[in-house]
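[1] Just need the structure, nothing else, for what follows:
(chains A and B)
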Amino acid sequence: MRHGALLLTTVFALLPFVWMISLSLKPPEEIFQPAFHLLPQTLHGFDNYRIAVTAAPMHRFLLNGLFVCAAIFSLQMLVCIPCAYALAKLRFRGRDTLFSVVLLGLLIPPQALAIPHFVLLHVFGLLDTYAALILPWMISTLGIFLMRQFFRAVPDELIDAARLDGLGEFEIICRIMLPVAVPALTAFGIFSVVAHWNDLFWPLIAIRSEELSTPALGMLLFRDDEAGQFTGPLMAGAVIIVAPLILAFLFAQQRFIDSISFTASN
Amino acid sequence: MKHALPSSKGEPMALVAGRRRREQGIAWLAMAPAVALLILLLFGPILAVAVFSFTDWQIGSPSLRFLGFDNYRALFADAVFWKALANTALYVAIVVPGTVILGLVVALLIEARPALRSFYRAAHFLPVMSTMAAMAIVWSTMLHPTIGLVNRLLAEFGVSGVNWLRDERTVLPALAVIGIWQSFGFAMVLFVAGLKSIPQSLYDAAAIDGADGLLDRLRTVTMPMLGPVTMFVLILTAKRAFEVFDTVRVLTKGGPNFASDVLLHRLYTESFDFLRTGYGAALTVVYLAVVMLLTRAQARMLDRRVHYT
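    So this is what the prediction gives:
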């Protein structure tokens, strides 16, 4: 009975994926025929995928996603880690106030900042560039918060010993804190990459050129393109866009799920 | 009390003070980029939004006038704004309970027995990872009035389906179902983590007291212990539900007749389709206020429940 109930919910969760793949392999006549078969009668998949890949620069969308997400995460770590270390392990005036400010920042939905970010980029002539996709996300209060929570758990004795050995603060960060912080880094990394890979709202605002489009925006552009009027290629395009993250997830399932639990427990 | 720097007994105060000052200096150096960016990219923009909302400025125009509260007056007089607010509230009211209850049920079912746990967890989490812009388009083909899966299945049972996304009465519930589809796996993972942390000894103790039936165990041990997790899931799900945009933009653009328009989509349309920056800024301020107030209110209310029951 447990399997029965779980089967129902599993079907609910997986049905759109199955439908998407099924339609991406079918020729137009089969999609519109009244009788329904899950598996295609004639394999039209090659044509559908060929149309999808030639009508829109799919590989470009995916590469852009990779580049933008990697850049964002790298910059976030560069900015957040020293700050988190200071908040966790160094003593200075205003530390608690600053931390409260970071917590406040966690409540702010990022979309509320769209207008000023747009104006800022416009003033510097950076709209419709990779910079527009990357720069507004350089600071992440979630990143600071997670890393700080994690750093706090590192025993002070470890750091004191390092100081006695003559290590400077930045060396301490690199050689002691970072290796230990890999779980937190992975957790935040997964969160950041998934969020920005799937983001539609900001790329829709920040860029116009197809060559710069990230996966979500690329999908929308493809749908509105002429080839996207046909369901077969449209579904093929969807498979291409969705596949990378899904495959990455299936590869590293436990890591993904652990990272959610880690974020939540903090 | 933990000291960041070791100080041996008898060290002159001057040295200690020097070290403290150096520590402060290093700390500020480490935080300088983050603080600068927090001002430039987070709190400065919030201030800017508030300022814009009091002007008639449009992006690209060389001058602006201060309008006082005119933008807000226009906003609150706009029927479309109230419709979007109502739609957003309805959407959240459907998605949050749906997601949390479904997530909890699935989590309980998965954790009940060891068989196939990883498979079920992965399968249910897949929608959470997927690019919504693409999956929304997939859903639109499933909801297609004639060739879509949903209506075909209904036809098997002799029920005639409607045009889910083009009918004013069904469009918002349809979007809400898609919303639940995407988020219940996330709730499930959080609940599973919470369930895993409940010690078996509590269940054993309850059984000794006579509570060993399924419902009894749920009532006396599971649900109370899941209190904090449930609170977290509720707040997070509500926050994400308020931020709904992708499905609306991709599938309906707020239509038909604003029946599926939501706050964030209104914000986008006014600010970036129509370039009514001042008005859009006022809308942003209202949106911010609603989200932040609701999150804090929820947190307070649930916090009380969690700690006093």
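[2] now for the longest helix seen in chain B, which elements pack on it?
    Ordering each helix of chain B by length in residues (DSSP state H) puts helix B:79-112 first. Applying 3 or more CB pairs under 8 Å, 6 or more residues apart in numbering or on different chains; DSSP states H and E, one finds that helix B:79-112 contacts helix A:2-24, helix B:117-129, helix B:171-196, helix B:227-242, helix B:263-268. The C-beta positions use only the backbone N, C-alpha and C, and glycine is treated the same way.
[3] Of all those, which one is nearest residue A:189?
    With CB to CB as the measure, helix B:117-129 is the member of those nearest residue A:189 (14.2 Å).
[4] how about the helices and strands packed on helix B:79-112, which one is nearest residue A:75?
    Closest approach to residue A:75 among the helices and strands packed on helix B:79-112 is made by helix B:117-129 (23.1 Å; CB to CB).
[5] So what touches the helix or strand just after that closest one?
    Toward the C-terminal end, the helix or strand that comes next after helix B:117-129 (DSSP states H and E) is helix B:132-142. When contacts are defined by CB atoms under 8 Å, 6 or more residues apart in numbering or on different chains, helix B:132-142 is touched by residues A:15-17, A:19-20, A:23, A:198, A:200, A:215-217, A:219-220, A:223, A:231, A:234-235, A:237-238, A:241-242, B:127, B:147-150, B:165, B:178, B:181-182, B:246-247, B:250-251.
[6] Please write out the alpha-carbon positions of helix B:132-142 in CSV.
    Output of helix B:132-142 as CSV, limited to C-alpha atoms (Å, rounded to 0.1, in the frame of the first residue of the first chain):
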residue,chain,number,x,y,z
MET,B,132,10.6,26.0,-14.9
ALA,B,133,10.5,28.0,-18.2
ALA,B,134,10.9,24.8,-20.1
MET,B,135,8.7,22.6,-17.9
ALA,B,136,6.0,25.2,-18.0
ILE,B,137,5.9,24.8,-21.8
VAL,B,138,5.7,21.1,-21.3
TRP,B,139,2.8,21.6,-19.0
SER,B,140,1.1,23.8,-21.6
THR,B,141,1.1,20.9,-24.0
MET,B,142,-0.2,18.6,-21.3
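[7] before we move on, the earlier item: I'd like the helices and strands packed on helix B:79-112 laid out as TSV, including mean pLDDT, distance to residue A:79 and mean neighbour count.
    Listed next are the helices and strands packed on helix B:79-112 as TSV, based on pLDDT from 0 to 100; distance: least, CB to CB, whole Å; neighbours: other CB atoms under 10 Å in any protein chain shown:
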stretch	mean pLDDT	distance to residue A:79	mean neighbour count
helix A:2-24	92	36	17
helix B:117-129	92	26	20
helix B:171-196	94	27	23
helix B:227-242	90	24	20
helix B:263-268	94	27	25
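[8] Make a markdown table from these and add distance to residue B:24 to it.
    Listed next are the helices and strands packed on helix B:79-112 as a markdown table, based on distance: least, CB to CB, whole Å:
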| stretch | distance to residue B:24 |
| --- | --- |
| helix A:2-24 | 52 |
| helix B:117-129 | 43 |
| helix B:171-196 | 38 |
| helix B:227-242 | 35 |
| helix B:263-268 | 41 |
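[9] and of those, who's closest to residue B:87?
    Nearest to residue B:87, of all the helices and strands packed on helix B:79-112, is helix B:171-196, at 5.8 Å by CB to CB.
[10] show me the contacts for residue A:48.
    A:24-26, A:232-233, A:235-236.
[11] Give me the distance between it and residue A:181.
    Per CB to CB, to the nearest Å, residue A:48 is found 45 Å from residue A:181.
[12] Enumerate every residue touching the residue most central in space within chain B.
    Centroid-nearest residue in chain B, with CA atoms, centre = their mean: residue B:240, separated by 1.7 Å. Residue B:240 makes contacts with residue B:183, as judged by CB under 8 Å, 6+ apart.
[13] now swap in residue A:43 and tell me
    Here residue A:43 is in contact with residue A:25 (CB under 8 Å, 6+ apart).
[14] Tabulate the contacts of residue A:48 in JSON lines, adding columns for distance to chain B and secondary structure.
    Written out in JSON lines, the entries for the contacts of residue A:48 read as follows (distance: CB to the nearest CB, whole Å; DSSP: H, G, I helix; E, B strand; the rest coil):
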{"residue": "A:24", "distance to chain B": "10", "secondary structure": "helix"}
{"residue": "A:25", "distance to chain B": "14", "secondary structure": "coil"}
{"residue": "A:26", "distance to chain B": "11", "secondary structure": "coil"}
{"residue": "A:232", "distance to chain B": "10", "secondary structure": "helix"}
{"residue": "A:233", "distance to chain B": "12", "secondary structure": "helix"}
{"residue": "A:235", "distance to chain B": "7", "secondary structure": "helix"}
{"residue": "A:236", "distance to chain B": "11", "secondary structure": "helix"}
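[15] any idea which of the residues you listed has the most stuff around it?
    residue A:236 (29 neighbours; other CB atoms under 10 Å in any protein chain shown).
[16] Give me the pLDDT for it.
    The model reports residue A:236 with a pLDDT of 92.
[17] Which pLDDT value goes with the residue nearest to residue A:58 when sequence neighbours are not counted?
    Here the nearest residue to residue A:58 in space, its sequence neighbours aside, is residue A:240; by CB to CB, 6 or more residues apart in numbering or on different chains that works out to 5.0 Å. Turning to residue A:240, the model gives it a pLDDT of 94.
[18] Could you check the angle the one helix or strand residue A:240 maps to makes with helix A:2-24?
    Per DSSP H and E: residue A:240 is located in helix A:231-251. Angle, helix A:231-251 to helix A:2-24, by axes from the mean of the first three to the mean of the last three CA atoms, to 10 degrees: 130 degrees.
[19] The helix or strand following helix A:231-251 near chain B at all?
    From helix A:231-251 onward toward the C-terminus, using DSSP H and E, the following helix or strand is helix A:253-265. Yes. Using CB under 8 Å from any CB of the partner chain, helix A:253-265 reaches chain B at A:253-254, A:256-257, A:260-261, A:264-265.
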